[in-house]
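**Q** After the sequence you'll find the predicted model.
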Amino acid sequence: MKVTLDQDKCVASGQCVVAADDVFDQDDDGIAVLLDPTPPSDRAEDVEQAAAVCPALAIRIQG
Amino acid sequence: MTSTVRTGGAQAPSAPEFPMPRAEGCPFDPPPALKKEQEQGPLRKVRLWDGSTPWLVTRYADQRALLADPRTSADITRPGYPSSAPVRGSSFSFILMDDPEHARQRRMVTAPFTIKRVEAMRPAVQKIVDGLIDDMLAGPPRADLVQAFALPVPSLVICELLGVPYADHDFFQENSKILISRSAAPEERGAAHAKLIGYLDELMGHKIARPADDLLSGLGTRVGAGELSRREAAETGVLLLIAGHETTANMIALGTLALLEHPDQLALLRDSDDPKAVAGAVEELLRYLNITHGGRRRVAVEDIEIGGEVIRAGEGIIVPNDIGNRDPEVFADPDRLDLGRDARRHVAFGFGVHQCLGQPLARMELQVVYSTLYRRIPTLRLDAGLEDLSFKHDGAVYGVYELPVAW
Ligand code: HEM
Ligand code: SF4
């Protein structure tokens, strides 16, 4: 799967890190950072959870 | 009204009053009349204290869509904004601002709320929680849990994070209480707000003169750099101080009451060693109790079409997350407290750019509290009848005023 993250939209809620901390991290100000833009398919559930709870609709998943 | 699109006009004369009363004996459930609105349609009209008739958005999916929609505004000074009480200017910092200024000011205070920084505070919070329980156990076997525990935990934590002296807690707790009460007179609320702003402003003065390693000192540096006025810094301080303790305190006390009334669920939590199960229980209690029960308030800045109806620019919008969190389309058997369910998609922290800034901190505090209190005091019980308790029906944040417990 392919993940994209729009940092301009991010409001630093931290929800993506809670859902999948091997795919998302935060910088010092809380803005999300994508650690792995192509996570393995066994991470799909948690990454989808991250995208679903992101309040800023900043996370998109393709494929 | 000339178009053929149905607007609320025809419905408005009979629009029910909002907020609505909860049912006698059901302190954890949203008002029955509110749930009925949800059954009747996705977009309804309600009547507020001032006679205005904003829209009520009843369903989870629409609630999230609208709260994330840049065509809505959180600016209380805009005409049409559905305020919960008479407005006295806009001075609640970025919670009542729109982007880009909202984003600019919010980003100035996000750093201490990252997951990593909050996790680093966990041992200190555990120590606070254990210390307060030690104090309770050292005294007579009964207490008001609100005063002895629920209020001190988040107050101590937010004071430490902001750099506010905890010794002043009587002062700021008292004034916060007045400020978020719907039943207090506008002058009373204005006076409480002015006192809190004055207090924070004086504190900012100290922080600017002698910076420490805390959030207010960080804001002081921004003031020095000309990024923020001193007034804006004080307003942000007040917002964080109030939001940081009132909400979490109510979750602790009301959550404990809900668990005492659902002993099978309490037992699940008490007997679990799994941090994931505890985290899941916190999400379910947030969903089930949804303590910010007045609804998110917005005003449309452009026409917004939803479900075949149009919210016109300038019309008020109320998003009652309590019934969003009980939407049967999203949560099966929604009125049941089920700590084992996956409740993570709840909207108890709101949604969109204003979603709770303090949520990582609130979650961590609640995880520590719920996994410690009932284990250390396994015989904890309610020391009053449910019908004797008085609930915060009138406030922006729901909860119990006092929670007499014994063990
Ligand atoms: C269980 C506890 C809490 C609950 C249920 C809660 C709930 C909420 C909700 C529903 C909002 C959205 C307001 C809106 O959309 O109009 C919000 C915003 C906010 N909360 Fe919390 N909150 C909690 C704890 C905290 C804590 C501990 C803090 C921290 C210091 C905090 C700080 C804030 C701030 C600053 C905002 C405004 C965010 C913005 O406008 O960008 N909250 N909270
Ligand atoms: S969930 Fe969304 S808003 Fe929150 S930190 Fe991640 S990307 Fe940012």
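**A** Everything's here; your move. All figures in this text were calculated on a predicted structure; none of them were measured in a lab. Numbers count the residues shown, from 1 in each chain, chains lettered A, B, ... in the order given. Ligands and ions are numbered 1, 2, ... in the order given.
**Q** for B:L219, what are its contacts?
**A** B:108-109, B:204, B:207, B:228, B:233, B:236-237 (CB atoms under 8 Å, 6 or more residues apart in numbering or on different chains). Every C-beta, even on glycine, is put in place using the N, C-alpha and C of the backbone.
**Q** rerun that using 6 Å as the cut-off
**A** With CB atoms under 6 Å, 6 or more residues apart in numbering or on different chains as the criterion, the residues that contact B:L219 are B:A233.
**Q** give me phi/psi at B:E305?
**A** The phi/psi pair for B:E305 (degrees, to the nearest 10) reads phi -90, psi 130.
**Q** A:D28 now?
**A** Phi and psi for A:D28, reported as degrees, to the nearest 10, are phi -60, psi -30.
**Q** separation between the closest residue to A:L57 other than its chain neighbours and A:A20?
**A** Excluding the flanking residues, the one nearest A:L57 by CB to CB, 6 or more residues apart in numbering or on different chains is B:A68, at 5.6 Å. Look at B:A68 and A:A20: by CB to CB, to the nearest Å, they are 20 Å apart.
**Q** do B:P211 as well
**A** For B:P211, the distance to A:A20 - CB to CB - is 36 Å.
**Q** Between the two, which is the more surrounded one?
**A** A:A20 (22 against 15; other CB atoms under 10 Å in any protein chain shown).
**Q** How about the secondary structure of residue 56?
**A** All of this is about chain A. coil (DSSP: H, G, I helix; E, B strand; the rest coil).
**Q** should've been chain B
**A** strand.
**Q** Please list all residues in contact with it.
**A** B:37, B:44, B:46, B:318.
**Q** Up against ligand 1, what does chain B have?
**A** Within chain B, the positions lying close to ligand 1 (CB under 6 Å from any ligand atom) are B:74, B:94-95, B:106, B:158, B:239-240, B:243-244, B:247-248, B:251, B:291-292, B:296, B:348-350, B:354, B:356-358, B:361-362.
**Q** Among those residues, which ones are in helices?
**A** B:106, B:158, B:239-240, B:243-244, B:247-248, B:251, B:361-362 (DSSP state H).
**Q** between those residues, which is nearest chain A?
**A** Nearest to chain A among those: B:R106, at 6.7 Å, using CB to the nearest CB.
**Q** so what's the closest one up against?
**A** Taking CB under 6 Å, 6+ apart, one finds B:F94 in contact with B:R106.
**Q** change it to 8 Å
**A** So B:R106 contacts A:11-12, B:94, B:353, B:357 (CB under 8 Å, 6+ apart).
**Q** if I look at it, how far off is B:L96?
**A** As defined by CB to CB, B:R106 lies at a distance of 12 Å from B:L96.
**Q** Please apply the same query to B:G308.
**A** For B:G308, the distance to B:L96 equals 31 Å [CB to CB].
**Q** same question, B:L156
**A** Shown here: B:L156 relative to B:L96, a distance of 27 Å by CB to CB.
**Q** what do you get for B:H245?
**A** 20 Å.
**Q** Please name every helix or strand in contact with the helix ranked longest in chain A.
**A** Selection of the longest helix in chain A by residue count, based on DSSP H, yields helix A:44-53. Counting contacts by 3 or more CB pairs under 8 Å, 6 or more residues apart in numbering or on different chains; DSSP states H and E, helix A:44-53 is packed against helix A:15-19, strand A:59-62.
**Q** With neighbour numbers in mind, choose between B:G308 and B:L96.
**A** Just comparing B:G308 and B:L96: by other CB under 10 Å the higher neighbour count belongs to B:L96, 21 against 9.
**Q** Just the element for the closest residue in space to that one that isn't next to it in sequence, please.
**A** Distance criterion CB to CB, 6+ apart; nearest residue to B:L96, sequence neighbours excluded, is B:I76 at 4.8 Å. B:I76 is part of no helix or strand when elements are defined by DSSP states H and E.
**Q** With B:P21 instead?
**A** B:P21 is part of no helix or strand, with elements assigned from DSSP H and E.
**Q** for chain B, what are the low-confidence residue spans?
**A** Applying pLDDT under 70 to chain B flags residues B:1-13, B:87-90.
**Q** mind listing what B:P334 touches?
**A** For B:P334, the contact set (CB under 8 Å, 6+ apart) comprises B:325-328.
**Q** Quick one: neighbours of residue 15, just the number.
**A** I went with chain A, as the question did not name one. A count of nearby residues for A:Q15, using other CB under 10 Å, gives 25.
**Q** that's the wrong chain, I wanted chain B
**A** For B:A15, the tally of surrounding residues (other CB under 10 Å) stands at 19.
**Q** Which among the residues of chain B next to ligand 1 count as buried?
**A** B:74, B:94-95, B:106, B:158, B:239-240, B:243-244, B:247-248, B:251, B:291-292, B:296, B:348-350, B:354, B:356-358, B:361-362 (16 or more other CB atoms under 10 Å in any protein chain shown).
**Q** where does chain A dip in pLDDT?
**A** Along chain A, segments meeting pLDDT under 70 are nowhere present.
**Q** Write out the residues of it neighbouring ligand 2.
**A** Checking chain A against ligand 2 by CB under 6 Å from any ligand atom, the hits are A:5, A:10-16, A:24, A:32, A:54-56, A:58-59.
**Q** Out of those, the closest to ligand 1 would be?
**A** Closest to ligand 1 out of the residues of chain A next to ligand 2 is A:V11 (6.7 Å), distances taken as CB to the nearest ligand atom.
**Q** Briefly note if stretch A:12-25 comes near ligand 1.
**A** No. Stretch A:12-25 is not in contact with ligand 1 by CB under 6 Å from any ligand atom; minimum separation 9.4 Å.
**Q** still on that earlier bit, could I get the contacts of B:P334 as JSON lines with secondary structure and neighbour count?
**A** As requested, those are exported to JSON lines (DSSP: H, G, I helix; E, B strand; the rest coil; neighbours: other CB atoms under 10 Å in any protein chain shown):
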{"residue": "B:N325", "secondary structure": "coil", "neighbour count": "23"}
{"residue": "B:R326", "secondary structure": "coil", "neighbour count": "22"}
{"residue": "B:D327", "secondary structure": "coil", "neighbour count": "18"}
{"residue": "B:P328", "secondary structure": "coil", "neighbour count": "13"}
